[in-house]
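S.K.: Provide a 3D model corresponding to the input given below.
(one chain, ligands or ions: 1)
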Amino acid sequence: MLRTKIAVFVSGGGTNLQALIDAQKSGLLQSGEIALVLASNDKAYALTRAAENNIPSAVVVRKDFATQLEYEERVKEVLTEYGIELIVLAGFMSILSENFTSAYPKRIINIHPSLIPSFCGKGYYGLKVHEAALAYGVKVTGATVHFVNEIPDGGEILLQKAVEVKEGDTPEVLQRRVMEEAEWVLLPRATEQVAKDLQKGR
Ligand code: GAR
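M.R.: Reported below is the predicted structural model:
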């Protein structure tokens, strides 16, 4: 059966992209193939990871376009060019409007570094999520993979995993633990699940 064609959207280090690449190599991700890495900026280290693994990549920068609509139309064009069927947001820091998300219903998933509905929505991304969790004093945090719709971090939850907050944690230390114990485990698993469902539905 043909594998579901996946685009991974990235902005930074791309450790979640790496987890997906490793899952593809180990066979954990078998119903889909990473056909494209799309970066929001040309400095993203994730682009190096894509190149090292012979995965095609594209860079589309929001500020190169006059409007959000024109930006999103360009992204859609690139996705069509590569025949993309599933989009995985893996640390993607550019905003996608309803114009975009509604074009791919139940075909966009995102990894968020907290247990939604805590510490999510507008302004909660990257290290800020862990800073907020530590400031609040929660003893348990985690990660969530969810479908993406027009509400920031508001789509249907696919998978969640809890991670312990430890005495003396800094945002950086907590971020690393959440990645190791939750994100890198959940994202490949959820990607395989959705890729498999799309493959069956074809
Ligand atoms: C990850 O922790 C991811 O959960 C988070 O950004 C980091 C990207 O790291 N995403 C968000 O905060 C989305 N709201 P990576 O580039 O090493 O995968």
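S.K.: what about residue 30, neighbour count?
M.R.: Taking other C-beta atoms under 10 Å as the criterion, the count of residues near residue 30 is 14. Any C-beta I mention is one placed from the backbone N, CA and C, and that applies to glycine too.
S.K.: distance-wise, check residue 195 relative to the ligand.
M.R.: From residue 195 over to the ligand the distance is 19 Å, taken as C-beta to the nearest ligand atom, to the nearest Å.
S.K.: residues in contact with the closest residue to that residue other than its chain neighbours?
M.R.: Leaving out its chain neighbours, the residue that sits closest to residue 195 by C-beta to C-beta, 6 or more residues apart in numbering is residue 32, at 3.0 Å. Contact analysis of residue 32 by C-beta atoms under 8 Å, 6 or more residues apart in numbering lists 3, 4, 5, 6, 86, 191, 192, 194, 195, 196, 198, 199.
S.K.: distance from the lengthiest helix in the chain to the middle of the chain?
M.R.: The residue-count maximum for a helix in the chain (DSSP state H) belongs to helix 184-201. Offset of helix 184-201 from its chain centre (C-alpha atoms, centre = their mean, to the nearest Å): 13 Å.
S.K.: try stretch 38-53
M.R.: Relative to the chain's own centre, stretch 38-53 is displaced by 14 Å; criterion: C-alpha atoms, centre = their mean.
S.K.: what secondary structure does the closest residue to the ligand within the chain sit in?
M.R.: Nearest residue of the chain to the ligand (C-beta to the nearest ligand atom) works out as residue 91 at 2.5 Å. Here residue 91 is coil, with the state taken from DSSP: H, G, I helix; E, B strand; the rest coil.
S.K.: pretty sure it contacts residue 10?
M.R.: Yes: the pair residue 91 / residue 10 is scored as a contact, 5.8 Å apart, by C-beta atoms under 8 Å.
S.K.: and these two? Which one has more around it.
M.R.: Neighbour count, other C-beta under 10 Å: between residue 91 and residue 10, residue 10 has more, with 28 against 25.
S.K.: about what we covered before: quick check: bridge partners of the residue nearest to residue 195?
M.R.: Beta-bridge partners recorded for residue 32 (DSSP bridges): residue 4.
S.K.: likewise for residue 59?
M.R.: Going by DSSP bridges, residue 59 forms beta bridges with residue 39.
S.K.: ok, it to residue 50 distance?
M.R.: With the distance defined as C-beta to C-beta, to the nearest Å, residue 59 ends up 11 Å from residue 50.
S.K.: of the two, which one has the most company?
M.R.: Between residue 59 and residue 50, counted using other C-beta under 10 Å, residue 50 has the larger neighbour count: 24 against 15.
S.K.: by neighbour count, which of the contacts of residue 32 wins?
M.R.: residue 191 (30 neighbours).
S.K.: rewinding a little: intersection of neighbour lists for residue 59 and residue 50?
M.R.: Joint contacts of residue 59 and residue 50 (C-beta under 8 Å, 6+ apart) do not exist.
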